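Trainee: let's see this in three dimensions:
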Amino acid sequence: MMANGELGPWLGRRYPLRHEVRSDTALFDYTQELKARYMRNAAPLNKVCFDAKLKIIQHALGTHTRAPQQQGTKTKMRREIRVASLFREAPPEFLKMIVVHELAHLKELEHDKAFYALCHHIEPEYAQLEFDCRVWLTHLESQ
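Mentor: Predicted structure coming up:
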């Protein structure tokens with residue numbers, strides 16, 4: 001498909017829409033909505049944002065961080081999710097897939113069976129979306 005130039009049109013037919021989540025605030029709200037719906041008991045998020053440097057530096061599409069924050073005698077955990085900025089222009093299904101992936105890390109740190117079970121609980125088509133997202137990224141790199 002890629003050699004024949006059919007990959008782009010195929011992806012366009014399969015995922016014709018683009019999402020409206022363009023700002024960090026909108027991404028935070030979108031992530032909080034998913035978290036409230038599927039992971040009510042998970043720890044709160046402090047920050048969710050798009051990161052332009054993410055793919056270049058870490059070869060990652062999204063990251064989650066947990067950092068202890070000392071305030072007097074109390075230690076709080078600061079949790080952040082960063083999503084590669086190329087997802088601003090992605091189909092909504094791919095944005096949801098990457099947000100679901102990073103949210104699942106709030107409960108499951110490793111990419112094990114429990115992690116993927118949680119991803120599939122939130123997004124039943126998770127495996128297919130992850131594969132199609134990789135195809136989309138391959139297409140973007142080939143252009």
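Trainee: what residues are up against residue 92?
Mentor: By C-beta atoms under 8 Å, 6 or more residues apart in numbering, residue 92 lies in contact with 17, 18, 19, 21. The way it works is simple: take the backbone N, C-alpha and C, and place the C-beta from them, glycine included.
Trainee: which strand or helix spans the residue positioned nearest the centre of the chain?
Mentor: Computing the C-alpha centroid of the chain and ranking residues by C-alpha atoms, centre = their mean puts residue 98 first, at 2.0 Å. Using DSSP states H and E, residue 98 falls within helix 92-107.
Trainee: past that helix, which element shows up next along the chain?
Mentor: Moving toward the C-terminus from helix 92-107, the first helix or strand encountered (DSSP H and E) is helix 113-122.
Trainee: in that next one, what's buried?
Mentor: When burial is assessed from 16 or more other C-beta atoms under 10 Å, helix 113-122 yields the following buried residues: 115, 116, 118, 119, 122.
Trainee: repeat that for stretch 1-12.
Mentor: Taking 16+ other C-beta under 10 Å as the neighbour-count basis, stretch 1-12 is seen to contain the buried residues 7, 11.
Trainee: just the buried residues of helix 113-122 now: which is nearest residue 66?
Mentor: Taking C-beta to C-beta as the measure, residue 66 lies nearest residue 115 of the buried residues of helix 113-122, at 15.5 Å.
Trainee: once you drop chain neighbours, what's closest to the closest one?
Mentor: Computed as C-beta to C-beta, 6 or more residues apart in numbering, the closest residue to residue 115 that is not its neighbour in sequence is residue 108, at 3.9 Å.
Trainee: got the angle between the host helix or strand of residue 12 and helix 92-107?
Mentor: With elements taken from DSSP H and E, the one containing residue 12 is helix 7-14. Taking axes from the mean of the first three to the mean of the last three C-alpha atoms, to 10 degrees, one finds that helix 7-14 is oriented at 80 degrees with respect to helix 92-107.
Trainee: and helix 7-14, what does it pack onto?
Mentor: When contacts are defined as 3 or more C-beta pairs under 8 Å, 6 or more residues apart in numbering; DSSP states H and E, helix 7-14 sits against helix 126-142.
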